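Participant: Have a look at this prediction, sequence included:
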Amino acid sequence: MSRMLEEIRQQPETLARTLQSALRPIERLKRLLAARRPRLIVLAARGTSDNAALFGRYLLEIATGIPVSLAAPSIATVYDAKLDYRDALVVAISQSGESTDTNLVLERARAAGALTLGITNESGSTLARIAEHVLLVRARRERAVAATKTYTGQVLMMYLLAYALGGRIRIDDLERIPEAVDQTLALEPEIDALSSRYRFMRHAVVVGRGLNYSNAFEFALKMMETCYVVAERFSSADFLHGPIALVEPAFPVFAFAPTGKTWPSISETLTKLHGLHAEIVAITDTGNTEVAGCATKLIRVPRRLKEVLTPIPYIVPAQIFAACLAAQKGLDPDAPRTISKVTLTL
């Protein structure tokens, strides 16, 4: 069994431990932010952490009404541009805390008047030293190159940050997520069997929208880095504006399909794909009774979930699929070619 799969299975305890340890720090941060409410939030990250930041952008704007921007690190590292960060909250997200460009963005932002927050899995990291405030993901050591438990831990931190900013997030709801993930892990045999069908897959598309748009990026990244599948990722709305032209019969499309505000858009996209005879694998839950009519295969999270709570339970089947597909292809998901656990870029 791969380390990646081991770490996927560790997520219920990681999430529960992270949430429990963050409750006191998040209440302190909530009091601070009430007195110093930012007019803008900037999220800085790379790789998988950038996908967690993309989720944060949607959640924070929806829940708090504060505009959120995703930092472009090269503005600082390549162009040496000076930005005015007064009244802004700048959040750097990094599994290792050693991403050179992310750390530089945070350092520059703090010097330019921002309130700074670091989210990392490493308490002794450079990021933890640079940031004024730190929230720790309690994932313990992640040995597989492909991040899994740190991604869901970072997404959990985005919920907690929304809560600290006065957003419509309930701690009681967050406490139910580890159990939902634990139940979802029971799908592993079913997903393993499904993955065998895609052993020779070379190209795929992943679609999502809204709060699950980031999961489309994360699922595609996992297939690219562990299975060497060219996986394009799109908003279901953007996909209809041109990229759908690449779809032909039996072309594999993976979709995140919760009920809620994004379902009409996702449904429209899946219906059109179904008409093109694409092979559609939809990740959904027991609450969506309509998706069966427009998907070839279903992966159902065994719990009915409010849309806002779907992103963490929904990414787990995708992680399992990537780990199992890598094994089907005879690849080692723990040590993908040419990449390492910590990547330093400027």
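Facilitator: Everything's here; your move.
Participant: and this structure, what are its domains?
Facilitator: Taking automatic domain parsing as the reference, the chain has its domains at 3-175, 183-328.
Participant: who wins for proximity to residue 334 among those domains?
Facilitator: Residue 334 lies closest to domain 3-175 among these, at 4.6 Å (Cβ to Cβ). Any C-beta I mention is one placed from the backbone N, CA and C, and that applies to glycine too.
Participant: Can you tell me which residue sits nearest the middle of this protein?
Facilitator: With distances taken as Cα atoms, centre = their mean, the residue of the chain nearest its centroid is residue 52 (4.0 Å).
Participant: now it, nearest residue through space, not along the chain?
Facilitator: If you skip the residues right next to it in sequence, residue 52 has residue 154 as its closest partner in space, 3.7 Å away by Cβ to Cβ, 6 or more residues apart in numbering.
Participant: so can I have CSV of the domains of the chain showing distance to residue 334?
Facilitator: Compiled in CSV, those are given as follows (distance: least, Cβ to Cβ, whole Å):
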stretch, distance to residue 334
domain 3-175, 5
domain 183-328, 9
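Participant: can you list those in CSV and add distance to residue 337 and mean pLDDT?
Facilitator: Putting these into CSV (distance: least, Cβ to Cβ, whole Å; pLDDT from 0 to 100) gives the following:
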stretch, distance to residue 337, mean pLDDT
domain 3-175, 10, 96
domain 183-328, 8, 96
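Participant: how about those, which one is nearest residue 338?
Facilitator: domain 183-328 (9.6 Å).
Participant: Now do the end-to-end distance for the closest one.
Facilitator: In terms of Cα to Cα, to the nearest Å, the two terminal residues of domain 183-328 are separated by 24 Å.
Participant: Just confirm the residue nearest to residue 52 is within a strand.
Facilitator: No. With DSSP: H, G, I helix; E, B strand; the rest coil as the criterion, residue 154 is located in helix rather than a strand.
Participant: looking at it, it is touching residue 136, isn't it?
Facilitator: No. Counting by Cβ atoms under 8 Å, residue 154 stays clear of residue 136, with 10.9 Å between them.
Participant: could you pull out the strands for the stretch 101-250 of the chain?
Facilitator: 115-120, 133-136, 203-208, 230-235 (DSSP state E, counting those that start in this stretch).
Participant: Save the ones you listed as a markdown table, and put in mean neighbour count too.
Facilitator: Compiled in a markdown table, the strands of the stretch 101-250 of the chain are given as follows (neighbours: other Cβ atoms under 10 Å):
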| stretch | mean neighbour count |
| --- | --- |
| strand 115-120 | 26 |
| strand 133-136 | 20 |
| strand 203-208 | 24 |
| strand 230-235 | 20 |
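Participant: looking at these, which is closest to residue 287?
Facilitator: Nearest to residue 287, of all the strands of the stretch 101-250 of the chain, is strand 203-208, at 16.6 Å by Cβ to Cβ.
Participant: what sits against residue 90?
Facilitator: Taking Cβ atoms under 8 Å, 6 or more residues apart in numbering as the criterion, residue 90 is in contact with 41-42, 44, 71, 105-106, 109-110, 114-117.
Participant: can you tell me how far it sits from residue 110?
Facilitator: In this structure, residue 90 lies at 7 Å from residue 110, with Cβ to Cβ, to the nearest Å as the measure.
Participant: Show me whatever sits in contact with both of those two.
Facilitator: Here residue 90 and residue 110 share the contacting residues residue 116, scored by Cβ under 8 Å, 6+ apart.
Participant: Mind listing the shared neighbours of residue 154 and residue 136?
Facilitator: With contacts taken as Cβ under 8 Å, 6+ apart, residue 154 and residue 136 have residue 119 as neighbours in common.
Participant: Inside helices: which ones of the contacts of residue 90?
Facilitator: 105-106, 109-110 (DSSP state H).
Participant: what about burial for those, which qualify?
Facilitator: Applying a neighbour-count criterion of 16 or more other Cβ atoms under 10 Å, the buried members of those are 105-106, 109-110.
Participant: Tabulate these in JSON lines, adding columns for distance to residue 164.
Facilitator: As requested, those are arranged in JSON lines below (distance: Cβ to Cβ, whole Å):
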{"residue": "105", "distance to residue 164": "21"}
{"residue": "106", "distance to residue 164": "18"}
{"residue": "109", "distance to residue 164": "18"}
{"residue": "110", "distance to residue 164": "19"}
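Participant: Out of those, which comes closest to residue 295?
Facilitator: Closest approach between these and residue 295, by Cβ to Cβ: residue 105, at 40.0 Å.
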